[in-house]
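Peer 1: predicted model, plus sequence, below.
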Amino acid sequence: MKKSLLLTEHLTISSVVLCILLGLVFLFFYVTEDVLSRPQIYFSTDLSSAEVQFLIIRIALVLISVLVSCIIYLLLSMHTRTELAIIGATKSLNTSLEQFEKLYEEAPVPYIILNEAGEIHKPNKAALRFFGVVPGEIEGKNLFHYQPEEDKDKIEKLFRYYKSNIPINNEEVRMITKSGAVRWALLSVFEIINPENSTRAGLATIFDITEHKKLDQAKTEFVSLASHQLHTPVATVKWFMEMLLSNDIGELSPKQKDYAVRVQKVNEEMIDLVETLLNVSRIEVGSLKIESKPTNVVELAESVLTELSSQIEAKNIIIDKQYNDNLKDIQSDPKLLRIAIQNLLSNAVKYTPEGGTIAITFKDSFLGDKTIIVSDTGAGIPKNQQDKIFTKLFRADNVTPGTQGTGLGLYLVKSMVEQMGGNISFVSEENKGSTFTIKI
Amino acid sequence: MEKTNKRKILVVDDDENLRLVLTDKLNIAGFDAAGATNGKEGLDKAIEWHPDIILLDILMPIMDGWTMLRKLREDDWGKKAKVVMLTGVEGVEAVSKAVEDGISAYIVKTNESVSGIVEKVNVILRSI
C-alpha cells in the first residue's frame, strides 16, 4: 500500500514537472527563437493581422500546454486522494478486525465458531479453559456431543434447532469437560456466515453458571435445613405445652396454668416468626413454591379474624366486612394468600387505636380484577416514608415504641403477591389511617 | 418388647424431646409407643417389632427418613407398613414424593397439635 502511494505521488509530481518543462521548451522553441529571429514583429507597434494571428497562436499553444498540465495534475491528485481514503479505511478496518480478534480470543466468555454440522471450528481461549483442553484438541468435534447422557433429549432438540436455523437463546445445559467434570452453562447459538466460503456457520457462547448453580443449591439446602431445625424445637414446645394444659399428666394450679398459657403464646409467636423468616429466605433464594388451587378468600379472611379476635375485642375495634361471593372460589395459592391477608389485618389491628374501624372489602370488577382491600383508622404512614414501606426490615418512625413487629411483613406480602402474579398498593395519611389493596 | 393388645406405634425422630412428647402422648392415649433415634435404628426396630404405624421424621443423621422408607419397602412385612411422615418442611416436592412412596399421612410439625396427631393415627388404624 505504501509503495503505490509513493508511485502515485511520483507520477503526479513528475507529470506536472514534465508538462511545465514541455511548456517551457515549447515557449523557448516557438517563441524565444521567434523573438530572436524576428524581433521586428515583437517590438514594433505596427503589426499586420497575420503577424498578430501568429503571435496569438503561439501564446495560445503555451496556455494550452499549461492547461493540460493543470488537468493532468488535478486528475492525478484526485486519484491520489481516493487512494489515500481507501488506504485510511483499510487501515481502520484492519485495526477493528485486530481489536475484534483480540476481543474474541481474550473474552472471559467462551466463544466457539461452529460449522454447519455443529463441529467446533474456532474456540477462543475461554472456551479452551472451559473444556480444560489445549488448542487443537476439540477442533472438529461436535459441540452437541459434550453433554451427559441424561440430557440427551434436550441436546438433540437443541441440535435440531441449530440444524433448522432456529436461534438457541440462553438454554441451560450441562457440559462435560475433559476431566469428566460436569459444568452448568447457558448456551446460545446464533447464525453467522462463514466469510471464507460463504457457508452457514454458528457463533456459540457458553456462559459458565456452575458456581452460581452451586451457590443456589447451597442456599436452598440451607433454607430447607434451617426450616427443619427450627420447626422441630418449636413444635416440641408446642406439644409439651399442649399436654401440660390438657391435664394429660396431672392438673396444674391456676398460676402454673397461667404461665403455661403464656409460654404457649410466646411459642406461637416464635412459630410465626420462624415461618416469616423462612418465607423471606425462600423468596430470596427463589424456592418459594406457588400451589394454585380453588381458594375461598372469605374463609381465609374469617379464619384470620378468628385468630385475631382476642386483640380485636381487647381494643374494641369495629370490623366492617364487605365480602363479595365471587371471591369464594378463585384460583390462587391459599397458603400464600392467607399469609398476605394475615399480615395486612394484623398490621391494621396493631396500629389502630381503641374504638377504631377496620374494613375488609372484596371486589370483583368486570375486567376480572379481583381485589382485597384492608383499610384502617390507625396511625398511618408518614408521607416522607411511604416509598420505603415495602422495604425489608423497614418500620415507620411513628410506630408506638414496644409495638411488636419485624419490618418483614409488608416486604413478604409484596414479594408473595407479586410472585403470584398480582400487585399491592396503598394510600395512607398519618393519624388518619391506611388502605392497602391487593390485586390478585 | 412385651406382648400387649395395644396398637403399636414407632416414633422415628432424632430429637429426644420430640420423641418423648409423642411417645408419652401416644402411651397416654392408649397405644404402645416406642422410639428410635435414626433411620437405621428405626428400620431394625420396625422389622423386628412390626408396629401398626410408623411416625417417621425426614432429616436424621446416620440414615434419613426417605432412605429408611426405601429400605423398609424392600422387606416383605415393610412393603405394607403404614408410615406417617413427620417434617418441618412443607412443599409440593415433599408432598408428591410422599404420595409416590405410599405414605398414609403427612404431618408438618408446627401445623399439627399433638392431639391432632393422635386423631390422625386413629383414623389410619380404623382404615386398616
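Peer 2: Structure's in. What do you need? What you see is a predicted model; the values in this text were computed from it and never measured. Numbers count the residues shown, from 1 in each chain, chains lettered A, B, ... in the order given.
Peer 1: show me where the chain has strands.
Peer 2: Since no chain was named, I'll use chain A. Applying DSSP state E to chain A gives strands spanning A:111-114, A:168-176, A:182-193, A:200-208, A:293-295, A:318-322, A:330-332, A:357-364, A:370-376, A:423-429, A:433-439.
Peer 1: could you do chain B instead?
Peer 2: Using DSSP E, the strands found in chain B span residues B:8-12, B:32-36, B:53-57, B:82-87, B:105-108.
Peer 1: between the ones you listed, which gets nearest to chain A?
Peer 2: Across the strands of chain B, chain A has its closest neighbour in strand B:82-87 (6.8 Å, Cβ to the nearest Cβ). The C-beta positions use only the backbone N, C-alpha and C, and glycine is treated the same way.
Peer 1: any residue of that closest one up close to chain A?
Peer 2: Yes: judged by Cβ under 8 Å from any Cβ of the partner chain, strand B:82-87 comes into contact with chain A at B:Thr87.
Peer 1: and that strand, which strands flank it?
Peer 2: Sheet partners assigned to strand B:82-87 using DSSP bridges are listed as strand B:53-57 (parallel), strand B:105-108 (parallel).
Peer 1: now render those strands as TSV, adding mean pLDDT, mean neighbour count and distance to A:Phe190.
Peer 2: Listed next are the strands paired with strand B:82-87 as TSV, based on pLDDT from 0 to 100; neighbours: other Cβ atoms under 10 Å in any protein chain shown; distance: least, Cβ to Cβ, whole Å:
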stretch	mean pLDDT	mean neighbour count	distance to A:Phe190
strand B:53-57	92	27	51
strand B:105-108	81	18	47
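Peer 1: for those strands, which one sits closest to B:Leu72?
Peer 2: strand B:53-57 (7.7 Å; Cβ to Cβ).
Peer 1: how far does the closest one sit from its chain's centre?
Peer 2: 1 Å (Cα atoms, centre = their mean, to the nearest Å).
Peer 1: how about stretch B:20-38?
Peer 2: Centroid separation between stretch B:20-38 and its chain, computed with Cα atoms, centre = their mean, is 10 Å.
Peer 1: repeat that for stretch B:58-67.
Peer 2: Relative to the centre of its chain, stretch B:58-67 is centred 12 Å away, using Cα atoms, centre = their mean.
Peer 1: measure that stretch end to end?
Peer 2: One end of stretch B:58-67 to the other measures 9 Å (Cα to Cα, to the nearest Å).
Peer 1: what mean pLDDT does that stretch get?
Peer 2: Averaged across stretch B:58-67, the pLDDT comes to 87.
Peer 1: can you redo the strands of chain A as JSON lines with mean pLDDT and distance to A:Ser65?
Peer 2: JSON lines is the format used below for the strands of chain A (pLDDT from 0 to 100; distance: least, Cβ to Cβ, whole Å):
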{"stretch": "strand A:111-114", "mean pLDDT": "92", "distance to A:Ser65": "61"}
{"stretch": "strand A:168-176", "mean pLDDT": "90", "distance to A:Ser65": "70"}
{"stretch": "strand A:182-193", "mean pLDDT": "90", "distance to A:Ser65": "55"}
{"stretch": "strand A:200-208", "mean pLDDT": "90", "distance to A:Ser65": "60"}
{"stretch": "strand A:293-295", "mean pLDDT": "89", "distance to A:Ser65": "101"}
{"stretch": "strand A:318-322", "mean pLDDT": "93", "distance to A:Ser65": "106"}
{"stretch": "strand A:330-332", "mean pLDDT": "88", "distance to A:Ser65": "97"}
{"stretch": "strand A:357-364", "mean pLDDT": "92", "distance to A:Ser65": "98"}
{"stretch": "strand A:370-376", "mean pLDDT": "93", "distance to A:Ser65": "96"}
{"stretch": "strand A:423-429", "mean pLDDT": "93", "distance to A:Ser65": "88"}
{"stretch": "strand A:433-439", "mean pLDDT": "94", "distance to A:Ser65": "91"}
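Peer 1: ok, the residue of the stretch 301-440 of chain A found nearest chain B - contacts?
Peer 2: Nearest residue of the stretch 301-440 of chain A to chain B: A:Lys335, at 8.3 Å (Cβ to the nearest Cβ). Residues in contact with A:Lys335 (Cβ atoms under 8 Å, 6 or more residues apart in numbering or on different chains) are A:Glu291.
Peer 1: want to throw the strands paired with strand B:82-87 into JSON lines with distance to B:Leu86?
Peer 2: Formatted as JSON lines, these follow (distance: least, Cβ to Cβ, whole Å):
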{"stretch": "strand B:53-57", "distance to B:Leu86": "5"}
{"stretch": "strand B:105-108", "distance to B:Leu86": "5"}
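Peer 1: reformat the strands of chain B as a markdown table; add distance to A:Val52.
Peer 2: Listed next are the strands of chain B as a markdown table, based on distance: least, Cβ to Cβ, whole Å:
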| stretch | distance to A:Val52 |
| --- | --- |
| strand B:8-12 | 134 |
| strand B:32-36 | 137 |
| strand B:53-57 | 129 |
| strand B:82-87 | 124 |
| strand B:105-108 | 124 |
